[in-house]
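Here is my input; please provide its structure:
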Amino acid sequence: MSRPHLDVAVREHAALGEGPTWDPVAERLIWVDILSSRIHTYDPADGRRTVMATEQHVGAAKPRAGGGLVVNLRDGIGLYDRDGAFRWLVHDAEPGRRGNDAAVAPDGALWAGTMRYDDSEVGGSLTRVAPDGTATRVLPLVACSNGTGWSPDGRLMYYIDTPTRRIDVFDVDGHQVTGRRPFATVEEGAGYPDGLTVDAEGAVWVALWDGAALRRYTADGRLDRVVELPVRRPTACAFGGRGLRDLYISTARTGLDAPHPLSGSLLVLPDVGRGLPGTAFAG
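Predicted structure coming up:
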């Protein structure tokens, strides 16, 4: 275990903070509060913040190549233009289901996960959404679709279905993924793997829901580092800031009988590593 220097980037009371993402054009961090239907931004240079309400629970928000955001909502994938105008890219409403974590692949496609509100074991999915809106359901039977990321060379995709306690890895073949296999397993009692990010060395950082920690696994799946956190429910992590050297961590308050004062805030571990440049959604 280790506890490097930790800062509070944004003191907030998010119910279910999720999905931190660095926007290199705006030089700001984007993150969401799923259950409060809010998209937050934070500029670490001057502390400036914005908060935008969405009409539905929002599982993820990512930058678009032409400006604006792509969002994983309760009823599908939506687009916000630069001027704030909204339209659906994929409208796929299913009662009892909502969008959860999502990530943009190196080719500019969005990989969007879903889950059921009742946590049904096979009620969620993982879908690849092309820039033109073509949606291909890649994994139709998952429980809680969460962290997704790619190796530095783009040849591997990492993925978490949280109740399995595993980080799985796939081989990437064009727009398809094959050869699913376990990369690392979180032992019982250590929490549940939630969101992840891949650093410039190819190591995988994962937030442990109910584990009050982040873990770093080397590219060969070896547990390299455990960082204790002062919150019980970290949800996801992403590198941002100058040189992509600061690791931002979203957190949640939902379901806690006695939340820690920092639960729901956006935390940051300064200069803890180096991240990979992200890709904007090409649609």
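
Which residues are in contact with the nearest residue to Phe281 once chain neighbours are set aside?
Nearest residue to Phe281, sequence neighbours excluded (Cβ to Cβ, 6 or more residues apart in numbering): Val70, at 4.3 Å. No exception for glycine: its C-beta is placed from N, CA and C like everyone else's. Listed by Cβ atoms under 8 Å, 6 or more residues apart in numbering, the contact partners of Val70 are 61-64, 77-80, 89, 104, 110, 281, 283.

can you rerun that using 7 Å?
Val70 sits next to Lys62, Arg64, Ile77, Leu79, Leu110, Phe281, Gly283 when contact means Cβ atoms under 7 Å, 6 or more residues apart in numbering.

Would you agree Gly99 is in contact with Leu73?
Yes - with contact defined as Cβ atoms under 7 Å, Gly99 counts as touching Leu73 (5.3 Å).

Helices of this protein, residue ranges please.
Read by DSSP state H, the chain holds no helices at all.

what bits of it have low per-residue confidence?
Low-confidence segments of the chain, defined by pLDDT under 70: 1-3.

And Glu228, how close does it get to Val169?
26 Å (Cβ to Cβ, to the nearest Å).

So for the two, which sits in the more crowded spot?
Val169 (20 against 13; other Cβ atoms under 10 Å).

For that one, list each beta-bridge partner.
Counting by DSSP bridges, Val169 forms beta bridges with Tyr158, Arg181.

which residues sit in contact with it?
Taking Cβ under 7 Å, 6+ apart, one finds Leu156, Tyr158, Arg181, Phe183 in contact with Val169.

Now the first one. Nearest residue, chain neighbours left out?
Of all residues not flanking Leu156 in the chain, Val169 sits nearest, at 5.5 Å (Cβ to Cβ, 6+ apart).

Mind listing what's buried along stretch 100-116?
100-106, 109-116 (16 or more other Cβ atoms under 10 Å).

before we move on, what about stretch 73-82?
Leu73, Arg74, Asp75, Gly76, Ile77, Gly78, Leu79, Tyr80.

One more: stretch 250-266?
Residues Ser250, Thr251, Ala252, Arg253, Thr254, Pro259, His260, Leu262, Ser263, Gly264, Ser265, Leu266 are the ones in stretch 250-266 that count as buried (16+ other Cβ under 10 Å).

how long is stretch 5-20 from one end to the other?
From its first residue to its last, stretch 5-20 covers 19 Å (Cα to Cα, to the nearest Å).

so how far is Leu276 from the closest residue to Gly283 other than its chain neighbours?
The shortest distance from Gly283 to any non-neighbouring residue, by Cβ to Cβ, 6+ apart, is to Pro131 (3.6 Å). Separation of Pro131 from Leu276 (Cβ to Cβ): 20 Å.

Just want to know which of those two has more residues nearby.
Leu276 (19 against 16).

before we move on, the earlier item: now, which of the contacts of Val70 lie within strands?
Members of the contacts of Val70 lying in strands (criterion: DSSP state E): Lys62, Ile77, Leu79, Leu110.

Would you reformat those residues as CSV and include distance to Asp199?
Compiled in CSV, these are given as follows (distance: Cβ to Cβ, whole Å):
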residue, distance to Asp199
Lys62, 19
Ile77, 27
Leu79, 29
Leu110, 22
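
Nearest to Ser125 among the residues you listed?
Ile77 (12.7 Å; Cβ to Cβ).

before we move on, back to that, mind checking which of the buried residues of stretch 250-266 land in strands?
Ser250, Thr251, Leu266.

re earlier: in contact with the residue nearest to Gly283, which residues?
Gly108, Ala109, Phe281, Ala282, Gly283.

Out of those residues, which comes closest to Asp46?
Of all the contacts of Pro131, Phe281 has the smallest distance to Asp46: 26.1 Å, by Cβ to Cβ.

Determine the number of other residues adjacent to the closest one.
Phe281, neighbours per other Cβ under 10 Å, totals 24.

swap in Arg155?
Close neighbours of Arg155, defined as other Cβ under 10 Å, add up to 12.

The one 5 residues further on now?
Around Ile160 sit 30 other residues, with neighbours defined as other Cβ under 10 Å.

sorry, back to before: which strand residues bridge the residue nearest to Phe281?
Lys62, Leu79.

And for the residue nearest to Arg155 when sequence neighbours are not counted, the neighbour number?
Once flanking residues are discounted, Arg155 sits nearest to Val172: 5.5 Å by Cβ to Cβ, 6+ apart. Neighbours of Val172 under the rule other Cβ under 10 Å: 20.
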